[in-house]
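Visitor: mind looking at a prediction? Sequence and model below.
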Amino acid sequence: MLKKVTMLTLLFSVGALLSSCATVKTPLSGVWYTNVKAPVAVTSNSNSTKVGTSEATSILGIVATGDASIDAAAKSAGITKIHHVDEQGTSILGFFAKYKVFVYGE
Amino acid sequence: MANNQIRIACFARYLFFLSLLFLVSANNAQNISRYYTSSLQENGTLYFIFPQSGFGNNDSKSKLTYDITYLTTNDTATLNFSYFDASRHVVDSVSFIGNNKRYSSSVKKIFIGTKRRKWHGRYSSKVLFTDLNSFLSLTDKPRIILYTQQGAVELTIKARTWKKQSSVAKKILNLIKYNQ
């Protein structure tokens, strides 16, 4: 049992060492933990009644998937006029990272 | 002997990092700011509760995720949901059932797309804020029924998942009420 756990730990460690860490785009980042929200864009359109999100995730910096585009976020809430766009980056110990986009509009 | 000690030390270090990771996530579970965002508008404050998952149907392996948008000057909140199913369904209306109460609403299609091998239907429905409050306060795990052209699809949620979701949602709705 201990042998299997050791092997798994070793494989996990080697995988983590050979890969880069799961990093995320944020204005500020922490090595241990990051959870930062920041602005992306503002338009001259007034008022928001809808909010849409889109996201992409990365695991160990090896696999990264998702559609974190403004288009996907706007489409998710049926937004045709964008008011402003925010982003949020989250990462834990470089193992897991998530990038989210929030679109506000109507 | 020495090898064993090194192995045990490695294992202990691995456990330490795992427990640290667990502690970080456990502490954040109590922090409701992770679950919503708010934005000040000309006509009130716009709250958005991030997408929540957990509802599904074990037979058809279909899943539902929902998010809630609420502008404080309105009586109704917008509940947008994504429904993932192997076969294509067009949802006409939705019912939320729990504690012998039923909250029904018609739905508007936003788009139909695909995600991996499943159909992804994105819909929007308007729900009275008071009804939403009552639904999210249900102590028994609720059911969601989607009425489609092909028939009704019942979606359930695990009691533990609902307990957490309901607790977070109640806190956010209380926060909205305090700010009104």
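Guide: Happy to help now that I have it.

Visitor: neighbours around the residue of chain A found nearest chain B, how many?
Guide: Per CB to the nearest CB, A:Val51 is where chain A lies closest to chain B, at 3.9 Å. No exception for glycine: its C-beta is placed from N, CA and C like everyone else's. Using other CB atoms under 10 Å in any protein chain shown, A:Val51 has 29 neighbouring residues.

Visitor: quick one, phi/psi of the nearest residue to B:Leu40 once chain neighbours are set aside?
Guide: Nearest residue to B:Leu40 in three dimensions, chain neighbours excluded: B:Leu46, at 7.8 Å (CB to CB, 6 or more residues apart in numbering or on different chains). Phi and psi for B:Leu46, reported as degrees, to the nearest 10, are phi -100, psi 120.

Visitor: count of neighbours near B:Leu46?
Guide: So B:Leu46, with other CB under 10 Å, has 23 neighbours.

Visitor: would the residue of chain A closest to chain B count as being in a strand?
Guide: Yes - A:Val51: assigned to a strand according to DSSP: H, G, I helix; E, B strand; the rest coil.

Visitor: got a list of what it touches?
Guide: The contact partners of A:Val51, taken as CB atoms under 8 Å, 6 or more residues apart in numbering or on different chains, are A:77, A:102-104, B:37, B:39, B:46, B:48, B:67, B:69.

Visitor: at 10 Å instead, please
Guide: A:73, A:76-77, A:79, A:83, A:86, A:102-105, B:37-39, B:46-50, B:67-70, B:78, B:80 (CB atoms under 10 Å, 6 or more residues apart in numbering or on different chains).

Visitor: I'd say the residue nearest to B:Leu40 and A:Ala77 touch.
Guide: No - counting by CB atoms under 10 Å, B:Leu46 sits too far from A:Ala77 to count as a contact (11.5 Å).

Visitor: common neighbours of these two, please.
Guide: What both B:Leu46 and A:Ala77 touch, as defined by CB under 10 Å, 6+ apart, is the set A:49-51, A:104, B:69.

Visitor: tell me which of the residues you listed is nearest to B:Asp59?
Guide: B:Thr69 (31.0 Å; CB to CB).

Visitor: partner strands of the helix or strand where that closest one lies, parallel or antiparallel?
Guide: Counting by DSSP states H and E, the element that carries B:Thr69 is strand B:62-71. If you go by DSSP bridges, strand B:62-71 pairs up with strand B:44-57 (antiparallel), strand B:76-85 (antiparallel).

Visitor: check the offset of that strand from the chain's centre.
Guide: 6 Å (CA atoms, centre = their mean, to the nearest Å).

Visitor: any idea of the pLDDT on the nearest residue to B:Ile49 once chain neighbours are set aside?
Guide: In space, and not counting its chain neighbours, B:Ile49 is closest to B:Ile68: 4.2 Å by CB to CB, 6+ apart. In the prediction, the pLDDT value recorded for B:Ile68 is 96.

Visitor: B:Asn27 now?
Guide: The model's pLDDT for B:Asn27 equals 49.

Visitor: same question for B:Phe81.
Guide: 96.

Visitor: residues in contact with it?
Guide: B:51-52, B:55, B:64-68, B:91, B:94, B:107, B:110, B:121-125, B:144, B:146, B:155.

Visitor: beta partners of the nearest residue to it once chain neighbours are set aside?
Guide: With CB to CB, 6+ apart as the criterion, B:Phe81 has its nearest non-adjacent residue at 4.1 Å, and that residue is B:Tyr66. Under DSSP bridges, the beta-bridge partners of B:Tyr66 are B:Gln52, B:Phe81.

Visitor: with the one 5 residues further on instead?
Guide: Beta bridges link B:Leu71 to B:Leu46, judged by DSSP bridges.

Visitor: ok, it to A:Leu8 distance?
Guide: 50 Å (CB to CB, to the nearest Å).

Visitor: more crowded one of these two?
Guide: Per other CB under 10 Å, whichever of B:Leu71 and A:Leu8 has more neighbours is B:Leu71, with 20 against 11.
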